[in-house]
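Enquirer: Dropping the sequence and predicted coords here.
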Amino acid sequence: MRADSVEGLLRRLAPEVLAVLLRRHSQFDACEDAVQEALLAAALQWPAEGVPEHPRAWLITVASRRLTDAWRAEHARRDREHADFAAVPASELDAPAPADEVPSGDDTLTLLLLCCHPSLSPSSQLALTLRAVGGLTTTEIARAFLVPDATMGQRISRAKATIKDAGASFSMPPDDERDARLKVVLHVLYVIFNEGYTATSGPSLQRRDLATEAIRLTRLVHRLLPADGEVAGLLALMLLTEARHGARTSPDGSLIPLAEQDRSLWRDELIREGSELIAATLPRARVGPYQLQAAIAAVHAEAPSPQETDWPQVLALYELLERVASNPMATLNRAVALAMVHGPHAGLDLLATLDDDERLAGHHRLTSVRAHLLELAGDTAAAREAYKLAARQTTSVPEQRHLERRAARLGAG
Amino acid sequence: MKYMLLIYENPGTREAFFADDKLRAEMNAYIDGLTESGEFVGGDGLADPSTARVVRSHNGVPAVTDGPFMEAKEYFGGYMIVDCDSIDRATEIATLFPPTPLGGAMEIRPLMDGGGAED
């Protein structure tokens, strides 16, 4: 079996194996370490020796053994330190993993909810989800986030310690908490996706894997909760966004805005899947922000050219989005749609209402949208200054390049 | 998001720092804390400015000079890079920097990154 298909298999089995261990032993940090060691052993052995007949059972057995060894070592250490003999419940720990022990999908969901526990910081939720549910190694996660291994290792062990301290258990949260907790999971998956999607080239290339990984995990959640509209909406949004990836940067690494992208580079199969998913979801589910954003992405994806975009529909969807989940970014996008329907001055008037919003103050997106609308309105000098200001405000190299080019295109000031 | 914390020192702040055992212990605990939280990416102190060299373009040609900057009241003395959730957190990290009472300043600068959203 090829190494990459072994890796795919291992990544798929990782959360299931961890869930089985957690059901038996409940100590998240120790179980997670044991599963990582078992995955590593498999990654070394299977490509050379072949995949065992029951790969999941193999991993459960090896991980359980590692867990036993770790606990014995820990007990032996304590015995030496305290001369306090405590018997290791060997019979329980050594119990072989039955080959037919198939964990239910709910276990994977429970695991995701645990990794996105509210006691964790956002960056810890990301790291832990990628490791415990995604089956990525600490090194891979560190590389994707461009930090040293040691930094990411600390983040993960701290996250595990926090979960332990919070007394969080491997069980489904009560119904009244479940929706709020699932919302956090979806947000974490969305952030992972964006980390990968917005990566462009060069040293960021490995970050691209994060987008693929986020789609894989969201597919998994969608399979477990097919009736949840927001899960379906998020998956559709990711597919429709990812479809544009090949068209979003120019060879020199600067960003190409939606209106200027070569639409023949958009990936039809992803657009079809995303559009069908959102079309099937909207009529039956309670509407939510991911569904609306997916619907907007679908309108853009279905337009053969920017001019042929159904802007009134985009505008209506942004109005709905603001009502469901009011945030200044949605207003900013509505201003663009408004400009396309009612002219640039209508958009600029709406932007003016955002100037006092401290969440957007000094944000390059507000400035760059204003620059764009000023350009549409024919106010070249003001547009050029706004593009230059936005270029100074962004911390993204490709965005800066794009904004500087925009300013230059409007001539010397 | 990664931030660089640029540490500006005064002549004399470092001497005062090394003379103060308690402060040095606090500094170790500070770095340990940032390491343990998974926010510390890296950092170093710089040697004295008198050991520096400067390359500057002179009529388009690079010219090298040694760097006695004795007259400088404040100079770049070291840096830390942290990876944390917001600039507010990075600012908090800077305010907790133990040698601050000795003088000098810290500048918090976001690092440019290679990613970007097209719309």
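Expert: Yep, it's here. Residues are numbered from 1 along each chain as shown, chains lettered A, B, ... in the order given.
Enquirer: who are the neighbours of whichever strand or helix holds residue A:278, in terms of helices and strands?
Expert: Assessed by DSSP states H and E, residue A:278 sits inside helix A:268-281. If you count contacts as 3 or more CB pairs under 8 Å, 6 or more residues apart in numbering or on different chains; DSSP states H and E, helix A:268-281 packs onto helix A:229-242, helix A:289-302. Every residue, glycine included, has its C-beta placed from N, CA and C.
Enquirer: Of all these, which one comes closest to residue B:39?
Expert: For residue B:39, the closest of the helices and strands packed on helix A:268-281 is helix A:229-242, at 28.4 Å, according to CB to CB.
Enquirer: Averaged pLDDT, the closest one. What do you get?
Expert: Across helix A:229-242, the average pLDDT comes to 97.
Enquirer: Mean confidence (pLDDT) on stretch A:344-361, please.
Expert: Across stretch A:344-361, pLDDT averages out at 93.
Enquirer: Okay, now the sheet partners of the least confident helix or strand in chain B by mean pLDDT, with direction.
Expert: Least confident element among the helices and strands of chain B, by mean pLDDT, DSSP states H and E: strand B:61-67 (a mean of 86). As defined by DSSP bridges, the strand partners of strand B:61-67 come to strand B:52-58 (antiparallel).
Enquirer: Kindly report the residues of chain B close to chain A.
Expert: For chain B, the residues in contact with chain A (CB under 8 Å from any CB of the partner chain) are B:1-2, B:35-42, B:83-85, B:110-119.
Enquirer: what residue is smack in the middle of chain B?
Expert: residue B:79 (2.4 Å; CA atoms, centre = their mean).
Enquirer: Could you check how far it is from residue B:107?
Expert: Relative to residue B:107, residue B:79 is positioned 10 Å away (CB to CB, to the nearest Å).
Enquirer: list the residues that contact both of these two?
Expert: Counting by CB atoms under 8 Å, 6 or more residues apart in numbering or on different chains, the shared contacts of residue B:79 and residue B:107 are B:5-6.
Enquirer: excluding its backbone neighbours, what's nearest residue B:110?
Expert: residue A:395 (4.6 Å; CB to CB, 6 or more residues apart in numbering or on different chains).
Enquirer: Give me the neighbour count for the one you found.
Expert: Residue A:395 has 17 neighbours, counted by other CB atoms under 10 Å in any protein chain shown.
Enquirer: what's it sitting at in phi/psi?
Expert: The phi/psi pair for residue A:395 (degrees, to the nearest 10) reads phi -110, psi 10.
Enquirer: which sections of chain A are below the confidence cut-off?
Expert: Within chain A, the ranges that satisfy pLDDT under 70 run A:1-3, A:79-104, A:200-206, A:413.
Enquirer: burial of residue A:47, as a residue count?
Expert: Residue A:47: 16 surrounding residues under other CB under 10 Å.
Enquirer: For chain A, what is the nearest residue in chain B?
Expert: Of all residues in chain B, residue B:38 sits closest to chain A, at 2.8 Å by CB to the nearest CB.
Enquirer: Any of the residues of chain B next to chain A buried? List them.
Expert: Among the residues of chain B next to chain A, those classed as buried by 16 or more other CB atoms under 10 Å in any protein chain shown are B:2, B:37-41, B:83-84, B:113-119.
Enquirer: Out of those residues, name the ones that lie in strands.
Expert: Of these, the ones assigned to strands by DSSP state E are B:2, B:40-41, B:83.
Enquirer: how about TSV for those residues, with pLDDT added?
Expert: Listed next are these as TSV, based on pLDDT from 0 to 100:
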residue	pLDDT
B:2	95
B:40	96
B:41	95
B:83	95
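Enquirer: Kindly indicate which of the residues you listed lies nearest residue A:30.
Expert: Nearest member of these to residue A:30, counting by CB to CB, is residue B:40, at 25.5 Å.
Enquirer: I figured that closest one was touching residue B:90, is that so?
Expert: No: using CB atoms under 8 Å, residue B:40 is not in contact with residue B:90; the gap is 11.9 Å.
Enquirer: any shared contact partners between those two?
Expert: residue B:82.
Enquirer: the helices in the stretch 1-150 of chain A, which residues?
Expert: For the stretch 1-150 of chain A, helices defined by DSSP state H, counting those that start in this stretch occupy the ranges A:3-25, A:28-49, A:55-82, A:90-93, A:105-115, A:122-128, A:138-144, A:149-165.
Enquirer: Please list the outside residues in contact with the first one.
Expert: Just to be clear, that refers to helix A:3-25. Residues from elsewhere that reach helix A:3-25 (CB under 8 Å, 6+ apart): A:28, A:31-32, A:34-35, A:38-39, A:42-43, A:46-47, A:51, A:55-56, A:59-60, A:63-64, A:67, A:97, A:101, A:103, A:107-108, A:110-112, A:132-136, A:170, A:216.
Enquirer: And for the fifth one?
Expert: Helix A:105-115 is touched from outside by A:15-16, A:18-20, A:22-23, A:28, A:125, A:128-129, A:132-133, A:163, A:168, A:170-173, A:178, A:181-182, A:185, A:188, A:217, A:220-221, A:223-225, with contacts defined as CB under 8 Å, 6+ apart.
Enquirer: Can you say which of the residues you listed are buried?
Expert: The neighbour count (16+ other CB under 10 Å) marks A:15-16, A:18-20, A:22, A:28, A:125, A:128-129, A:132-133, A:163, A:168, A:170, A:173, A:181-182, A:185, A:188, A:217, A:220-221, A:224-225 as buried among the contacts of helix A:105-115.
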